[in-house]
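In: coords please:
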Amino acid sequence: MQTVETLNEGLKRAYTLTITAAEIDAKVDAEVKRVSPQIRMPGFRPGKVPANLVRKMHGPALTQEALNTSIQEGVQTLLSEQKLRPALQPQVSLDEGFEPGKDAVVKVELEVLPDVPAPAIEGIKLERLTVPADESAIDERIQQLASQNKRHEDAPEGHEAATGDLVVMDFAGKVAGVAFEGGTGEGMSIEIGSGRLIPGFEDQLVGIKKGDEKTIEVTFPEDYGVDTLKGKPATFDLKVTDVRVPAGETVADDEFAKALGLESLEQLRGILKDQAGQELNGLTRTHMKRKLLDQLAADHDFEVPPSMVEAEFNQIWAQLQHEATHEADPDAAMAELENEREDYRAIAVRRVRLGLLLSEIGQANGVEVSQQEMQRLILQAAQQYSPQDRERFIQYVQQEPMAAAQLRAPLYEDKVVDFLFDKAEITDREVTREELEAAIESEDGFASGTHVHNHDHDHDHDHAHGHDHDHAHDHDHGTEEAAAEPVKPKRKSTKKAEAADIEPAAADAEAAPAAPKKKAATKKAAKEEGVSDEAGEAAPKKKAAKKKADDAA
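Out: Predicted coordinates:
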């Protein structure tokens, strides 16, 4: 194989590879020898078909296979001999004039990763904002749980449901006479007046009795979370299976805790305290990570591959365009985005640079994701799929290096960040939760690469629910991570405020050749979820109880 460099400009490289006809023919001969024992042909014993007949029968397919193999091996040899680190997958094209029996001329175009200067990681100083435990907040949360879990008892025979009563029903929803996905359910309990269901639904339950069947008419809100249902009139066929009346105020005591599946009120308090601590630790980490990445970005400036920047920008831009279509005035939202296009391109540059920088720091200091950690990531990711698809997903990730890299990158990034935290000089300062949240919300702080874990799962949705449940949530499904604003805006921008936290692109060295796809999440989601990888489950012993407490909320 002959190699000729045709372009060496900045990070761009191009080469012409000439694979001789003799090299290709040698691979065809080797393949004929390999497959001949498996060939069956009338008049010949198994495995005794002459090589020339095998070549005559299967020559075109074998030649194509040999050509593909030669090109793949040629590109790998090129990368190895020239010590090239591709930013993204190289562009490989075969000369149009190729014919079997002739030399193959292959063009290879790529962008290489830059030589990242030795990262300056000494002398990093960070402030850790901490929030002391607030027992009164735990008390308030317990009271909220109690008020949300009112006790009800069987209603008298013939009782007509009123505000505050609990109605248990089966329902089947239709739009234009056609049932829609998620619009059918059984045994749903709803307290009249709770405001959980879409407007007008609960009002029509007043006066209903156990055993009644009724069809009600409602209209889905214009801002409903499912595009196909927004503003649509719908009917729900109801069958009331029970009506229950309030049985007095719920007292937050041991009996209440036991009703949630716990042993005592003290155990419930401990679970809520753990949750609050994990959430606050997550907010603390988010703020400190932002400041860390701000310092790294300020201290390092080097050329980044345009192709990686373009890939990052396209992901950010596609997400923002999708969100703009859900604004009250989509045209105005799109016009605002267009005015800020270059600011978001600067975000993409920053993402790529921070990702390469963290990768360099990780490699230089032996940071790695273990096989055990990788297996745990794969199993966790597989949970979002149906049981029959999980095994296929696991096999896909195990066979596709880039899919594995996409899973690995966020964890690798966090491990590098933890390494830098250990190296940094950290001072603590106590603040209120409000002050910590304000610091995170501050537009001055949007220069970070912090990523947000706003996990999106495939739930069975109950379309009867309103703004606090299921499809009525004000969010876009599939949205997980957001871009951050690296430049202080000239004015307040709702879109930029929502594009809160930008994750460094491809922090994992193995992920660097193709920046993992990332999605957007709002700052509100960051606040609600705690934005922390450290905010894990409660102790295994409490796990089931914790879930019940969460469900009760």
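
In: tell me the SS of A172?
Out: Counting by DSSP: H, G, I helix; E, B strand; the rest coil, the backbone at A172 sits in strand.

In: What segments of this protein are strands?
Out: Here the chain has its strands, by DSSP state E, at 2-9, 12-19, 91-94, 104-111, 125-130, 152-154, 166-175, 178-191, 213-219, 233-246, 425-430.

In: Who are the packing partners of the second one?
Out: Identification of packing neighbours for strand 12-19 by 3 or more CB pairs under 8 Å, 6 or more residues apart in numbering; DSSP states H and E yields strand 2-9, helix 51-81, strand 104-111. Using the backbone N, CA and C atoms, a C-beta is placed for each residue, glycine as well.

In: residues touching F419, list them.
Out: 361-362, 365, 367 (CB atoms under 8 Å, 6 or more residues apart in numbering).

In: circling back: just the helices and strands packed on strand 12-19: most buried one?
Out: Sort those by mean neighbour count, taking mean count of other CB atoms under 10 Å, and strand 104-111 sits at the top with a mean of 20.

In: In its sheet, which strands sit next to that strand, and in what direction?
Out: Strand pairing for strand 104-111, determined by DSSP bridges: strand 12-19 (antiparallel), strand 91-94 (antiparallel).

In: Now render those as CSV, adding mean neighbour count and distance to A328.
Out: Compiled in CSV, the strands paired with strand 104-111 are given as follows (neighbours: other CB atoms under 10 Å; distance: least, CB to CB, whole Å):
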stretch, mean neighbour count, distance to A328
strand 12-19, 18, 44
strand 91-94, 14, 42
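
In: Indicate which one of these is closest to E434.
Out: Closest to E434 of these, according to CB to CB: strand 12-19, at 49.8 Å.

In: and that closest one, C-alpha only, in CSV?
Out: Provided in CSV are the C-alpha atoms of strand 12-19 (Å, rounded to 0.1, in the frame of the first residue of the first chain):
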residue,chain,number,x,y,z
LYS,A,12,-7.2,18.9,8.9
ARG,A,13,-5.4,16.0,7.2
ALA,A,14,-6.0,14.2,3.9
TYR,A,15,-4.3,11.2,2.3
THR,A,16,-4.5,9.1,-0.8
LEU,A,17,-4.0,5.3,-0.2
THR,A,18,-3.2,3.1,-3.2
ILE,A,19,-4.0,-0.5,-2.6
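
In: if we can go back for a sec, quick one, which of the strands of the chain is nearest to I198?
Out: strand 213-219 (5.7 Å).

In: Does anything pack onto that closest one? Which helices or strands?
Out: Counting contacts by 3+ CB pairs under 8 Å, 6+ apart, strand 213-219 is packed against strand 233-246.

In: buried sites along the strand it packs on?
Out: Using 16 or more other CB atoms under 10 Å as the test for burial, strand 233-246 gives 234-236, 238, 240-241, 243-244.

In: Columns pLDDT and distance to K27 on top of those residues, output as CSV?
Out: Formatted as CSV, these follow (pLDDT from 0 to 100; distance: CB to CB, whole Å):
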residue, pLDDT, distance to K27
A234, 95, 64
T235, 95, 67
F236, 95, 67
L238, 96, 70
V240, 95, 74
T241, 95, 71
V243, 94, 78
R244, 92, 77
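
In: And S442, how far from A424?
Out: Going from S442 to A424 by CB to CB, to the nearest Å gives 21 Å.

In: Of those two, which one has the most company?
Out: A424 (19 against 12; other CB atoms under 10 Å).

In: Show the contacting residues for the more buried one.
Out: 124-126, 292.

In: picking up where we left off before, mind putting the helices and strands packed on strand 12-19 into JSON lines with mean pLDDT?
Out: Listed next are the helices and strands packed on strand 12-19 as JSON lines, based on pLDDT from 0 to 100:
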{"stretch": "strand 2-9", "mean pLDDT": "90"}
{"stretch": "helix 51-81", "mean pLDDT": "82"}
{"stretch": "strand 104-111", "mean pLDDT": "92"}
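
In: how about the ones you listed in TSV, adding distance to D227?
Out: Converted to TSV, those look like this (distance: least, CB to CB, whole Å):
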stretch	distance to D227
strand 2-9	46
helix 51-81	43
strand 104-111	38
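
In: Out of those, which is closest to A298?
Out: Closest among the helices and strands packed on strand 12-19, using CB to CB: strand 104-111, at 25.4 Å.

In: hang on, the earlier thing: so which of the buried residues of strand 233-246 comes closest to Q148?
Out: Checking those one by one against Q148 (CB to CB), the nearest turns out to be R244, at 15.7 Å.

In: How about the closest one: what's its closest non-neighbour residue?
Out: H152 (3.7 Å; CB to CB, 6 or more residues apart in numbering).

In: Send me stretch 68-85 as PDB with only the CA atoms.
Out: Extracted as PDB, the C-alpha positions of stretch 68-85 are listed here (Å, rounded to 0.1, in the frame of the first residue of the first chain):
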ATOM      1  CA  ASN A  68     -13.500  -3.600   2.200                       C
ATOM      2  CA  THR A  69     -11.100  -5.400   4.400                       C
ATOM      3  CA  SER A  70      -8.100  -3.900   2.600                       C
ATOM      4  CA  ILE A  71      -9.500  -0.400   3.000                       C
ATOM      5  CA  GLN A  72     -10.300  -0.900   6.700                       C
ATOM      6  CA  GLU A  73      -6.800  -2.300   7.300                       C
ATOM      7  CA  GLY A  74      -5.300   0.500   5.200                       C
ATOM      8  CA  VAL A  75      -7.000   3.200   7.200                       C
ATOM      9  CA  GLN A  76      -6.000   1.700  10.500                       C
ATOM     10  CA  THR A  77      -2.400   1.300   9.300                       C
ATOM     11  CA  LEU A  78      -2.400   5.000   8.200                       C
ATOM     12  CA  LEU A  79      -3.700   6.100  11.700                       C
ATOM     13  CA  SER A  80      -1.100   4.000  13.400                       C
ATOM     14  CA  GLU A  81       1.900   4.900  11.300                       C
ATOM     15  CA  GLN A  82       1.100   8.600  11.200                       C
ATOM     16  CA  LYS A  83       0.200   8.600  14.900                       C
ATOM     17  CA  LEU A  84      -3.100  10.300  14.100                       C
ATOM     18  CA  ARG A  85      -5.900  10.700  16.700                       C
END
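
In: Name the residues that touch it?
Out: Stretch 68-85 has contacts (CB under 8 Å, 6+ apart) with 1, 3, 13, 15, 17, 19, 23-24, 27, 86, 90, 92, 94, 104, 106, 108, 110, 112-113, 512-513.

In: Brilliant, that's me finished.
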